[in-house]
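Peer 1: Okay, structure incoming, though there's no sequence with it:
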């Protein structure tokens, strides 16, 4: 039986565009279809598959998604969540539109929507397994498969806030879809983030010391910084939480659960240190 149009997806029909021809999309028997006949299936889990020519998947497999759900449910990253939500609330209008690029399971997007009852949210991600969670993360959160490095299937200047939380970036597309009064909010780790873990488990992916310089160079043609919050604190971790923390990151691609389970001592406390910056379009 074809999937029905999810209630959270319906309000986004004015914003979504066919990724092939840029025409409007309309519901059609469990899919979205443009006038030219390009058709995009709505999965039974509630997200729409907009990617064309490539398989909607990424390194975020089932084990990574499960680890992310377990770890984020502990609240260890709650201060990051709160800072991001406050920054979005400061700039969103009462009936705002938020797009979370590289949304993963929709955890951060759901937090923003919880805080702002009139706001609608759309999560974009390449991982079908992540989108199954994102489509259920919040009643006002829609989800669609998409690759951040391709032109977004969205209208020009239709978004109030773009969230980019520990995710890849496409500055030109962020700029195109944001309203002139909108904001891009980028959350990324700094050099102190999880330092204790990286010392004890050298295989964990390191932080590029040139990360901030490269970010400025990439964003400067399109955006100017409007304010940065530094969220830094230490938090205790159980051994399982350390394993899940590593398991939800790119490090999981070369460090298995078995590797960490058999590892020697793991830190019982780590530093969380991230920067969250709001950017205005130029």
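Peer 2: Ah, there it is. Since this is a predicted model, take the numbers as computed values, not measurements.

Peer 1: How far does stretch 17-35 sit from its chain's centre?
Peer 2: Relative to the chain's own centre, stretch 17-35 is displaced by 24 Å; criterion: C-alpha atoms, centre = their mean, to the nearest Å.

Peer 1: Can you show me the strands along this structure?
Peer 2: Per DSSP state E, the chain carries strands over the ranges 26-27, 31-33, 39-41, 48-49, 97-101, 120-125, 141-145, 159-165, 178-189, 223-236, 269-281.

Peer 1: Now do residue 156 against residue 47, distance only.
Peer 2: Applying C-beta to C-beta, to the nearest Å, the value for residue 156 to residue 47 is 23 Å. Using the backbone N, CA and C atoms, a C-beta is placed for each residue, glycine as well.

Peer 1: which of these two has more neighbours?
Peer 2: Set side by side, residue 156 and residue 47 show more neighbours around residue 47, with 30 against 11, by other C-beta atoms under 10 Å.

Peer 1: Now do the contacts for the more buried one.
Peer 2: Residue 47 sits next to 128, 131-132, 134-135, 142-145 when contact means C-beta atoms under 8 Å, 6 or more residues apart in numbering.

Peer 1: go on, residue 22?
Peer 2: No residues are in contact with residue 22 under the rule C-beta under 8 Å, 6+ apart.

Peer 1: Now render the contacts of residue 47 as CSV, adding neighbour count, pLDDT and distance to residue 211.
Peer 2: Formatted as CSV, the contacts of residue 47 follow (neighbours: other C-beta atoms under 10 Å; pLDDT from 0 to 100; distance: C-beta to C-beta, whole Å):
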residue, neighbour count, pLDDT, distance to residue 211
128, 19, 91, 29
131, 31, 95, 27
132, 19, 94, 31
134, 31, 96, 26
135, 25, 96, 31
142, 28, 97, 31
143, 32, 97, 28
144, 29, 97, 28
145, 24, 96, 27
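
Peer 1: Could you save those as JSON lines and add columns showing distance to residue 173?
Peer 2: Formatted as JSON lines, those follow (distance: C-beta to C-beta, whole Å):
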{"residue": "128", "distance to residue 173": "21"}
{"residue": "131", "distance to residue 173": "19"}
{"residue": "132", "distance to residue 173": "24"}
{"residue": "134", "distance to residue 173": "19"}
{"residue": "135", "distance to residue 173": "22"}
{"residue": "142", "distance to residue 173": "18"}
{"residue": "143", "distance to residue 173": "18"}
{"residue": "144", "distance to residue 173": "14"}
{"residue": "145", "distance to residue 173": "16"}
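
Peer 1: and of those, the nearest to residue 166?
Peer 2: Here the nearest of these to residue 166, counting by C-beta to C-beta, is residue 134; it sits at 14.7 Å.

Peer 1: surely the closest one meets residue 123?
Peer 2: Yes - here residue 134 lies in contact with residue 123, judged by C-beta atoms under 8 Å, at a distance of 4.3 Å.

Peer 1: just so I have it, where are all the helices in the chain?
Peer 2: For the chain, the helices defined by DSSP state H cover 62-73, 78-91, 107-115, 128-134, 171-177, 195-200, 211-219, 239-247, 257-261.

Peer 1: Looking at the ones you listed, which is nearest to residue 4?
Peer 2: Comparing the helices of the chain by C-beta to C-beta, helix 128-134 comes nearest, at 16.4 Å.
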